[in-house]
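> no sequence for this one, just the structure:
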């Protein structure tokens, strides 16, 4: 492995994007935009496994993420009004759990990015941005009284 490849690997492990790591390692723009080819030559999969990021370790981490919790502060009042105050309670962190679940589904190929299918109408919505635009337009018409 040459020096640029070693630098590229170092920067990728530090968390840089493929493009940024390639440019910082000394590759040209043209090579950096095809950094996936550098990835193959550097065999980052082996490096990640050597660092302990095996498929099993990643699966265990994902399973833990599906059980994520967070601490919240809750105010309570007693009937005697002499024992009111705050308490800390651990509750499910649904937002984190959802992100983990969504990531797992994407990795397993259970979620397709596009086209978005509306099964109730049996129509294909190919552009989510257009859908949002249409909804916003309808809201404007209702507010303006032109509906």
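Nice, thanks for sending it over. This structure is a prediction, so every number in the text was calculated from the model and none was measured.

> Where do the domain boundaries of the protein fall?
Split into domains by automatic domain parsing, the chain comes to 3-50, 54-111, 113-147.

> Packed most tightly, which of these would that be?
Ranked by mean neighbour count, these are led by domain 3-50 with a mean of 15 (mean count of other C-beta atoms under 10 Å). Backbone N, C-alpha and C define where each C-beta goes, glycine included.

> returning to that earlier point: with mean pLDDT added, can I get the domains of the chain in a markdown table?
Shown next, in a markdown table, are those (pLDDT from 0 to 100):
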| stretch | mean pLDDT |
| --- | --- |
| domain 3-50 | 84 |
| domain 54-111 | 84 |
| domain 113-147 | 54 |
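
> Would you mind measuring the gap between the ends of stretch 60-75?
35 Å (C-alpha to C-alpha, to the nearest Å).

> likewise stretch 58-77?
From its first residue to its last, stretch 58-77 covers 43 Å (C-alpha to C-alpha).

> Contacts for that stretch, please.
Stretch 58-77 is contacted from outside by 84-93, 96-97, 99-101, 103-104, using C-beta atoms under 8 Å, 6 or more residues apart in numbering.

> Could you pull out the helices in this structure for me?
3-13, 18-25, 29-32, 35-42, 44-50, 55-65, 94-107, 128-144 (DSSP state H).

> Dump those helices to JSON lines, plus distance to residue 76.
Below are the helices of the chain laid out as JSON lines (distance: least, C-beta to C-beta, whole Å):
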{"stretch": "helix 3-13", "distance to residue 76": "47"}
{"stretch": "helix 18-25", "distance to residue 76": "50"}
{"stretch": "helix 29-32", "distance to residue 76": "57"}
{"stretch": "helix 35-42", "distance to residue 76": "54"}
{"stretch": "helix 44-50", "distance to residue 76": "47"}
{"stretch": "helix 55-65", "distance to residue 76": "30"}
{"stretch": "helix 94-107", "distance to residue 76": "22"}
{"stretch": "helix 128-144", "distance to residue 76": "40"}
